[in-house]
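>>> Curious how this folds, go ahead:
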Amino acid sequence: FQVKSENKKTIWDTEEVPEGSEFDDTWDPREKPEYEISFKQHVGTEDVFFGMTGKDPSTACCEDIVIKIKLPETKYSDITLDIQDKVLDLRTPKNKLLLHLPYPVNSKEGRARFLSEEEILEVTLRVSRKFDFINFS
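Residues are numbered from 1 along each chain as shown. As a prediction, this is how the structure comes out:
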């Protein structure tokens, strides 16, 4: 039995702790809002009519993840949003959402907009897969 860590008092190595577990708060009484995850793919005429790029309708060929979160009775100024590579953390005075994303994303290239009339926060995140530069170039 070997201890991998330099500090022998630690229980886990950092590789064993999943990303986003620091946000997990099971005792938080705020409710989880309704949300919808969809995928977006950039296609052109060469894809639609000729199939030249080899893209298909699966999520493996999508470039963006779009998350729509319903936040009734919420103002834009009350929203706190933290996005990491595999986790989306949203907090408002009434709602809390910790969402483990289906694919790793580039957390620096995301966009969010609040549609105040519909009370929906729409977050668009760029998917970051290892071999996308080969598959989609």
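
>>> Tell me, how many residues neighbour Glu122?
Counted with other C-beta atoms under 10 Å, the neighbours of Glu122 add up to 15. Where you see a C-beta, it was placed from the backbone N, CA and C, and this is true even at glycine.

>>> I'd guess it is in a strand, am I close?
Yes. Counting by DSSP: H, G, I helix; E, B strand; the rest coil, Glu122 is found in a strand.

>>> Is it bridged to anything, and to what?
Lys68, Arg113 (DSSP bridges).

>>> which one is Ile79 nearest to, not counting chain neighbours?
Thr92 (5.6 Å; C-beta to C-beta, 6 or more residues apart in numbering).

>>> That neighbour: what's it in contact with?
Shown here is Thr92, whose contacts under the criterion C-beta atoms under 8 Å, 6 or more residues apart in numbering are 30, 71, 74, 78-80.

>>> Strands of this structure, start to end?
For the chain, strands defined by DSSP state E occupy the ranges 35-40, 64-70, 80-83, 87-91, 96-100, 105-115, 120-127.

>>> Which residue comes closest to the residue nearest the centre of the chain once chain neighbours are left out?
For the chain, the residue sitting closest to the mean C-alpha position, by C-alpha atoms, centre = their mean, is Leu101 at 4.2 Å. Excluding the flanking residues, the one nearest Leu101 by C-beta to C-beta, 6+ apart is Lys86, at 5.5 Å.

>>> wait, the one you found sits on Pro104?
Yes. Taking C-beta atoms under 8 Å as the definition, Lys86 is a contact partner of Pro104 at 5.5 Å.
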